[in-house]
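Peer 1: Please work out how this folds:
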Amino acid sequence: MRNQLTLIEAVLDTYDRPDLTPRPDGTTFCNVAVAAVASAMGCGDLNGKTADQMVSFLDSSTDWSDVPMEKAQDMANQGSLLVAGLDSKALNQAHGHVAVIRPGKVCYSGKWGATPRVLNIGAENFIARAKRGVMTNLAVGLNEAFAPPPKIWVWRPSL
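Peer 2: Presented below is the predicted three-dimensional model:
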C-alpha cells in the first residue's frame with residue numbers, strides 16, 4: 001500500500017506521542033512505534049509483537065520483502081511502508097530494535113554512505129537530527145539508529 005501523506009502523518013503522530021519517551025529505567029518503545037505507524041498504513045501484522053518477534057515475522061512473511069538500503073529511501077518517498085530491524089542476537093543485546101524508514105532526503109554517513117531517514121524511537125527518539133552525542137544537531141538516519149546495518153523490509157500485502 002502506497003500513501004505518502006498517510007505515512008508522513010503516521011510518522012509525525014507517532015513521534016509526538018509522550019508515552020513513547022524512553023523511561024529512566026531504560027525501557028524503550030521501538031516496537032510500539034513501528035506497530036503504530038504500520039497500523040495507520042492499514043497493516044496490523046506487527047501489533048503486540050516485540051522487536052525480536054517483528055524481525056522474525058518480517059523475515060518469514062510473504063507480505064514483506066527484503067529491500068536493499070540504497071532503494072529504501074525512494075520507496076518511502078513514494079509512500080511505501082518500510083521497516084528496518086535487527087534482533088537481539090544480531091545486536092548482542094537483551095532486545096532487538098526496529099525503526100520505520102520515513103519519507104525525506106537521504107543523509108550521508110561515514111560508516112555506510114547514503115542512508116535513508118528514519119523514525120527512531122528507542123534510547124534516543126529522532127526523525128531528523130540527533131539530540132545528543134557527537135552527531136548533536138546533525139542530520140541523521142538509519143546510521144544512527146543501528147550500529148551494524150539492519151535488514152529492511154517493505155510491506156507488499158497479497159491481494
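Peer 1: switch to C-alpha atoms for all contacts and neighbour counts from now on
Peer 2: Noted.
Peer 1: Helix or strand with the lowest mean pLDDT in the chain?
Peer 2: Least confident helix or strand, the chain: strand 107-109 with a mean of 87, by mean pLDDT, DSSP states H and E.
Peer 1: Poorly predicted segments of the chain, please.
Peer 2: Counting by pLDDT under 70, the chain shows low-confidence ranges at 1-2, 132, 134-135, 138, 159.
Peer 1: Grab the most central residue of it for me.
Peer 2: Compute the mean C-alpha point of the chain, and by C-alpha atoms, centre = their mean the closest residue is Ala99, 1.6 Å away.
Peer 1: tell me how far the least confident helix or strand of the chain is from the chain's mean position?
Peer 2: Distance of strand 107-109 from its chain centroid, counting by C-alpha atoms, centre = their mean, to the nearest Å, is 16 Å.
Peer 1: what about stretch 33-52, distance to the chain center?
Peer 2: Shown here is stretch 33-52, whose average C-alpha point lies 11 Å from the average C-alpha point of the whole chain (C-alpha atoms, centre = their mean).
Peer 1: Please apply the same query to stretch 39-59.
Peer 2: Relative to the chain's own centre, stretch 39-59 is displaced by 11 Å; criterion: C-alpha atoms, centre = their mean.
Peer 1: Using the three-state scheme, assign Ala36.
Peer 2: In three-state terms, and counting by DSSP: H, G, I helix; E, B strand; the rest coil, Ala36 is helix.
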